[in-house]
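**Student:** Please work out how this folds:
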Amino acid sequence: MRVLQDAWRYLTDASSWTGDGGMLALLAEQLLLTAGALGIAMLVGLPLALWLGHLGRGGFLAINITNVGRAVPTFALLALLVTADPWGWTGDLFPGTATLGPFGRGGAATLVALALFALPPIITNAYTAVREVPTEVREAARGMGMSGWQVFRRAEWPLALPLVASGVRLALVQVWATATIAALVAGPGLGRVITDGFFRTQYGKGIAGAIVVAAVALVLELLAAWVQRAVTPPGAPGAASPGRSRRVSPDRNTVAP
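**Tutor:** Modelled structure (predicted):
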């Protein structure tokens with residue numbers, strides 16, 4: 001109970017949120033880190049998965065790549081990236097990393113590790129979404145004289161979009177929650193509040209940081225769910241029902257509520 005009281009005092013103290021090391025600045029750093037990692041993963045993963053799904057080939061490759069990505073511990077990958085950089089790739093990718101906001105050496109390594117961590121749900125959902133488009137829809141589109149690109153843009157993509165959005169939504173929340181490990185390699189984000197609190201036996205501070213991370217994760221989940229619902233066509237799986245549904249009874253003479 002004492003720890004929770006200390007956490008509440010830390011959260012309600014204005015000085016905990018202001019300044020360079022305040023939680024507002026760290027929150028902004030972690031949001032930027034999350035958005036950057038998710039953007040890289042979408043830029044790399046979505047075109048590949050959608051293309052393979054449209055061709056109907058490479059499913060074995062796509063699924064197994066994602067399985068490997070799930071099997072590799074993110075922290076182990078982060079440790080390798082932050083220490084094994086003999087060619088200075090980190091500095092080439094992010095010039096001036098000592099002063100580039102959250103993207104110091106630890107931040108750049110975390111960005112790459114989180115982007116790789118976000119690939120599995122994005123690739124899996126995008127590939128599956130395109131492959132699950134009904135065959136008759138594709139055949140009807142081709143029968144209308146559509147090219148391969150038109151079939152994808154006008155038939156496959158609209159039907160696949162809700163499941164693609166679901167994969168991005170899952171990756172977003174996972175990346176946000178995992179981004180706290182950046183603090184273990186002197187990186188940016190709210191993980192610094194958590195690790196510093198527990199290292200200094202200020203457990204209230206550590207719990208306060210964890211509460212903020214959990215609260216923001218919930219907000220991001222709700223926002224992503226709203227976006228997913230907005231891009232889901234009416235009548236598609238997961239679409240909101242405009243009213244109370246009705247079903248026809250087996251004798252087809254009455255309508256059951």
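**Student:** What ranges in the stretch 151-257 of the chain fall below the confidence cut-off?
**Tutor:** Low-confidence segments of the stretch 151-257 of the chain (pLDDT under 70): 233-257.
**Student:** Any idea how many residues pack against Ser15?
**Tutor:** By other CB atoms under 10 Å, the residues close to Ser15 number 8. C-betas here are computed from N, CA, C, even on glycine.
**Student:** and if you look at Ala113?
**Tutor:** 29.
**Student:** Contact partners for it?
**Tutor:** The contact partners of Ala113, taken as CB atoms under 8 Å, 6 or more residues apart in numbering, are 74, 77-78, 81.
**Student:** For Val193, which non-adjacent residue is spatially closest?
**Tutor:** Among residues not flanking Val193 along the chain, Gly209 sits closest, at 3.3 Å (CB to CB, 6 or more residues apart in numbering).
**Student:** Can you show me the helices along the stretch 1-150 of the chain?
**Tutor:** Using DSSP state H, counting those that start in this stretch, the helices of the stretch 1-150 of the chain run over residues 2-12, 23-55, 59-71, 74-83, 89-93, 105-131, 135-143, 148-151.
**Student:** Of all those helices, which one is nearest Leu163?
**Tutor:** Nearest to Leu163, of all these, is helix 105-131, at 3.6 Å by CB to CB.
**Student:** ok and the closest one relative to helix 23-55, angle-wise?
**Tutor:** Interaxial angle of helix 105-131 relative to helix 23-55 (axes from the mean of the first three to the mean of the last three CA atoms, to 10 degrees): 30 degrees.
**Student:** And the average pLDDT for helix 105-131 is what?
**Tutor:** Regarding helix 105-131, the rounded mean pLDDT is 86.
**Student:** Please tell me how far the residue nearest to Val193 sits from Gln174.
**Tutor:** Distance, Gly209 to Gln174, by CB to CB, to the nearest Å: 19 Å.
**Student:** what does Thr34 give?
**Tutor:** According to CB to CB, Thr34 stands 10 Å off from Gln174.
**Student:** again, but for Val137
**Tutor:** Using CB to CB, one obtains 31 Å as the distance from Val137 to Gln174.
**Student:** Between the two, point out the one with more neighbours.
**Tutor:** A direct count of neighbours by other CB under 10 Å for Val137 and Gln174 places Gln174 higher, at 19 against 14.
**Student:** Which element, helix or strand, includes that one?
**Tutor:** Assigned by DSSP states H and E, Gln174 belongs to helix 157-178.
**Student:** how far off helix 105-131 does that helix point, in degrees?
**Tutor:** Taking the same axes, to 10 degrees, one finds that helix 157-178 is oriented at 150 degrees with respect to helix 105-131.
**Student:** which element is Ile207 on?
**Tutor:** Using DSSP H and E, Ile207 falls in helix 203-231.
**Student:** Using a markdown table, lay out the helices of the stretch 1-150 of the chain together with distance to Thr178.
**Tutor:** Formatted as a markdown table, the helices of the stretch 1-150 of the chain follow (distance: least, CB to CB, whole Å):
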| stretch | distance to Thr178 |
| --- | --- |
| helix 2-12 | 22 |
| helix 23-55 | 9 |
| helix 59-71 | 13 |
| helix 74-83 | 6 |
| helix 89-93 | 19 |
| helix 105-131 | 6 |
| helix 135-143 | 37 |
| helix 148-151 | 36 |
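**Student:** Let me know how buried Val231 is, in neighbour terms.
**Tutor:** So Val231, with other CB under 10 Å, has 12 neighbours.
**Student:** Run through who's touching stretch 43-52.
**Tutor:** By CB under 8 Å, 6+ apart, stretch 43-52 touches 58-59, 61-62, 115, 118-119, 122-127, 130, 152, 157, 160, 164.
**Student:** returning to that earlier point: go through the helix holding Gln174 and flag the buried ones.
**Tutor:** By neighbour count on 16 or more other CB atoms under 10 Å, the buried set for helix 157-178 is 157, 159-176, 178.
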